[in-house]
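Engineer: fold the following and give me the result.
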Amino acid sequence: SQPAEGAPSNPRVLLDQAWLRFDLARTVFFTVGKQHVKWGTGQIWNPTDFLSPQRRNPLAFVDLRTGVSMVKLHVPWEARGWNFYGIAVTDDLGTDAGAVVDPTGGPARPGGNDPVNRLSRIGGALRAELVLGPAEVGISGVAQRGRKPRFGLDLSSALGPIDVYGELALKKGTDQPLYRLPEGTTLEDIFQNGIQVEAYIPGGLTPQVTGGANYSFAYGQNDLAVVGVEYFYNSTGYTSSVGYPYLIAQGAFQPLYVGRHYGAAYLFLNQPFDWDHTAFNFFTLGNLSDSSYTSRLNVTYRALTYLTVEAYGAVHYGHKGGELRLGFSVPDVTINGQDIPGFTVAAPTFELGAGLRLSL
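Structural biologist: Residues are numbered from 1 along each chain as shown. Sure, this is the predicted structure:
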């Protein structure tokens, strides 16, 4: 059968990385081509990871995001352990919810790993990584025509046996509009009664902040566990789940970045006891703003040097209709004289998954 119009081909072939590295007098180092550059210290939420066009999905076994085309200049200061970077980005970096605002005033269009179509849209980034006593500090900034300039600060440090980390991302306003529903509005009001939803761009700075801590400890002769917690504050997030179906219809629903407050706790066990080829990762994510949660256990088993078996089980609980237990009903609606039937999305309760990964 033929795939649906607009659906991606299956199987797909994607170029992940292809770069050339050289140096100038062993002082300035260049990397040119498609490459991965990850910024930030967060385990779940990375608001300062500015050079990735899409947000990382922490619920995915494998990070399927491909590299970004760029020219990276690296100047190390070995005596201090400091590093400085200058980067020219020739890919479209996207915006808040994966869309790019047309600088000529046209409508927003999908963002992603697409090359820019003119020199004026080549992005620029600067970053300094500093060692200050027991702490490692990163200061970064990114600018590209068609999106708001962004500035970031990230740090990690040891406090006794505990490792702490944090990120702060700043920009003015947002690249995409936010939506404000009148107080007490329901889905029926929006879809049946024609209640208008206000779209607006917030003024002033719109910070995103991540903070966390983890602790590593031995529980056997050669066994190590990592336990940690993390919190994320998103100043442009929503505090209620009522408008989620409307956000989905507008293409403005960005998972794990749609709420105002989030929290997570995680436990990682690598090769516990006699299970020398197995790793366990248990974590709970919560949208604290709409009181929805999911708890998940990932199991990874290395069967052969080139074959990995992966499986997971997850439960969803908390507020029905919240982001992590998303379920809703859209009523019948008439638009321009045409009757459109309503539909229902059932809220998930439990899910299982399994997969195989081959290294060729």
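Engineer: tell me where the model's unsure across the stretch 201-350 of the chain.
Structural biologist: 333-338, 340 (pLDDT under 70).
Engineer: in it, which spans are strands?
Structural biologist: 208-218, 224-234, 261-270, 278-287, 292-304, 307-318, 328-330, 333-335, 338-340, 343-345, 350-358 (DSSP state E, counting those that start in this stretch).
Engineer: report the contact partners of the most centrally placed residue in the chain.
Structural biologist: The residue lying closest to the centre of the chain (C-alpha atoms, centre = their mean) is Arg55, at 2.6 Å. Contacts for Arg55 (C-beta atoms under 8 Å, 6 or more residues apart in numbering) come out as Asn46, Asp49, Gly98, Gln254, Leu256, Tyr257. All C-beta atoms are positioned from the backbone trio N, CA, C, and that covers glycine.
Engineer: what does Ala347 give?
Structural biologist: Here Ala347 is in contact with His316, Lys320, Gly321, Arg325, Leu326, Gly327 (criterion: C-beta under 8 Å, 6+ apart).
Engineer: columns neighbour count on top of those, output as JSON lines?
Structural biologist: Formatted as JSON lines, the contacts of Ala347 follow (neighbours: other C-beta atoms under 10 Å):
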{"residue": "His316", "neighbour count": "20"}
{"residue": "Lys320", "neighbour count": "15"}
{"residue": "Gly321", "neighbour count": "20"}
{"residue": "Arg325", "neighbour count": "22"}
{"residue": "Leu326", "neighbour count": "22"}
{"residue": "Gly327", "neighbour count": "15"}
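Engineer: can you lay out those as TSV showing distance to Phe22?
Structural biologist: Below are the contacts of Ala347 laid out as TSV (distance: C-beta to C-beta, whole Å):
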residue	distance to Phe22
His316	50
Lys320	56
Gly321	54
Arg325	51
Leu326	48
Gly327	54
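Engineer: and the two most separated of these?
Structural biologist: Farthest apart among the contacts of Ala347 by C-beta to C-beta are His316 and Gly321. That separation is 11.4 Å.
Engineer: overlap in contacts, those two.
Structural biologist: Ser292, Ala347.
Engineer: about what we covered before: the strands of the stretch 201-350 of the chain: which one's closest to Gly243?
Structural biologist: Per C-beta to C-beta, nearest to Gly243 of the strands of the stretch 201-350 of the chain: strand 328-330, 10.3 Å.
Engineer: buried ones in the closest one, by neighbour count?
Structural biologist: For strand 328-330, a neighbour-count test (16 or more other C-beta atoms under 10 Å) marks Phe328, Val330 as buried.
Engineer: paired strands for it, with orientation please.
Structural biologist: strand 343-345 (antiparallel) (DSSP bridges).
Engineer: what sits up against the strand it pairs with?
Structural biologist: Leu326, Gly327, Phe328, Ser329, Val330.
Engineer: separation between the first one and Ile248?
Structural biologist: So that's Leu326. 9 Å (C-beta to C-beta, to the nearest Å).
Engineer: once you drop chain neighbours, what's closest to Asp332?
Structural biologist: Distances taken as C-beta to C-beta, 6 or more residues apart in numbering put Gly342 closest to Asp332, at 4.6 Å, once the chain neighbours are dropped.
Engineer: number of nearby residues for the one you found?
Structural biologist: 13 (other C-beta atoms under 10 Å).
Engineer: for Trp82, which non-adjacent residue is spatially closest?
Structural biologist: With C-beta to C-beta, 6+ apart, the residue lying closest to Trp82 is Leu130, at 5.2 Å.
Engineer: now do the contacts for that neighbour.
Structural biologist: So Leu130 contacts Arg80, Trp82, Glu136, Val137, Gly138, Ile139 (C-beta under 8 Å, 6+ apart).
Engineer: at 10 Å instead, please
Structural biologist: Trp77, Arg80, Gly81, Trp82, Asn83, Phe84, Glu136, Val137, Gly138, Ile139, Leu155 (C-beta atoms under 10 Å, 6 or more residues apart in numbering).
Engineer: quick check, Pro161 in contact with Val226.
Structural biologist: No. Under the criterion of C-beta atoms under 10 Å, Pro161 makes no contact with Val226, lying 11.9 Å away.
Engineer: those two: which is more packed in?
Structural biologist: Just comparing Pro161 and Val226: by other C-beta under 10 Å the higher neighbour count belongs to Val226, 16 against 8.
Engineer: how far away is the nearest residue to that one once chain neighbours are set aside from Pro177?
Structural biologist: Nearest residue to Val226, sequence neighbours excluded (C-beta to C-beta, 6+ apart): Phe268, at 4.4 Å. Using C-beta to C-beta, we find Phe268 at a distance of 39 Å from Pro177.
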